[in-house]
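Trainee: Could you look at this predicted model? Sequence included:
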Amino acid sequence: MQRLFYILYTWIIFVPIFLVLTLLTALTTIVGCLLGGERIFSYYPGMIWSRLTCYLALCPVKVRGREKIKRGQSYIFAANHQGAFDIFLIYGFLGVPIKWVMKAGIGKIPFVGAACRAAGFVFVDHSTSKAAARSLGEAEKCLRRGASIAIFPEGSRSETGKMRRFKKGAFQMAADQHLPIVPITLNGPFYVLPIGSLNLHRHKMEMVIHDPISIEGMDVSHKGLQQIAEQTQAVIAQGLWDEFK
């Protein structure tokens, strides 16, 4: 019975409010950034939108390790990718401004794509190696301007909740810009809205922020970057719930 009530709540209350919030957030971001307020409007409207989305979904959120992030320092935030609510969890509760590196397909979503472009987010194009390199270059421009980048090194959502092999793009950026990598473990979004599902499930979510990994002095060759990726993945795995290990 509780499940039925939640499904009704989702489609009668959550979805309409979410759509209105998304539209208002996108418009606020676009207008604010176009008027020169990118530093504020590329982050705060999205942060508020993400928090409200989690609250409206009735999904409690727990965050551990936020004190490990140093204010004013740029980072590469690398997280596992369990489901669509990963974005709301990180954007809403990380506590520091970030630029997203995201799939090019998101840029085609009405209003949302325009808001992401206005905010300076980076769309990754894997159609060719040249296009992928161009995407990497755009992300590094954000880092040179003092921003932090959030990325899912798996590239796409997990179908099982368990991690897949990490790609090296995020770690190449860290090496090029001499920036620390912050591993982030996400638990719970897989249950809330897994890939292929349209119905929300009420479930607790958790974000664990781990100690930054400095790559200074580390091997940043092709093989070395893969080892750094594996090290980051191993740290993230330590914080996973047992069913996702």
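Mentor: Perfect, thanks for sending it. If you're wondering where the values come from, they're calculated on a predicted model, not measured in any experiment.

Trainee: Tell me the first helix or strand C-terminal of the helix or strand where residue 19 lies.
Mentor: When secondary structure is defined by DSSP states H and E, residue 19 falls within helix 15-34. Past helix 15-34, further along toward the C-terminus, the next helix or strand under DSSP H and E is helix 38-41.

Trainee: Whatever helix or strand comes next after that next one vs helix 15-34, what angle?
Mentor: For helix 38-41, the following helix or strand on the C-terminal side (DSSP H and E) is helix 44-56. Going by axes from the mean of the first three to the mean of the last three Cα atoms, to 10 degrees, helix 44-56 is angled at 170 degrees with respect to helix 15-34.

Trainee: Quick one: distance of the longest strand along the chain to the chain centre.
Mentor: With residue count as the measure and DSSP state E as the assignment, the chain has strand 181-187 as its longest strand. In terms of Cα atoms, centre = their mean, to the nearest Å, the centre of strand 181-187 is set 10 Å apart from its chain centre.

Trainee: Can you name every helix or strand that that strand contacts?
Mentor: Packed against strand 181-187, as judged by 3 or more Cβ pairs under 8 Å, 6 or more residues apart in numbering; DSSP states H and E, are the following elements: strand 76-79, helix 85-93, helix 169-177, strand 205-209, helix 222-238. Where you see a C-beta, it was placed from the backbone N, CA and C, and this is true even at glycine.

Trainee: Distance check, the closest residue to residue 232 other than its chain neighbours against residue 175.
Mentor: The shortest distance from residue 232 to any residue that is not its chain neighbour, by Cβ to Cβ, 6 or more residues apart in numbering, is 5.0 Å, and that residue is residue 183. Computed as Cβ to Cβ, to the nearest Å, the residue 183 to residue 175 distance reads 16 Å.
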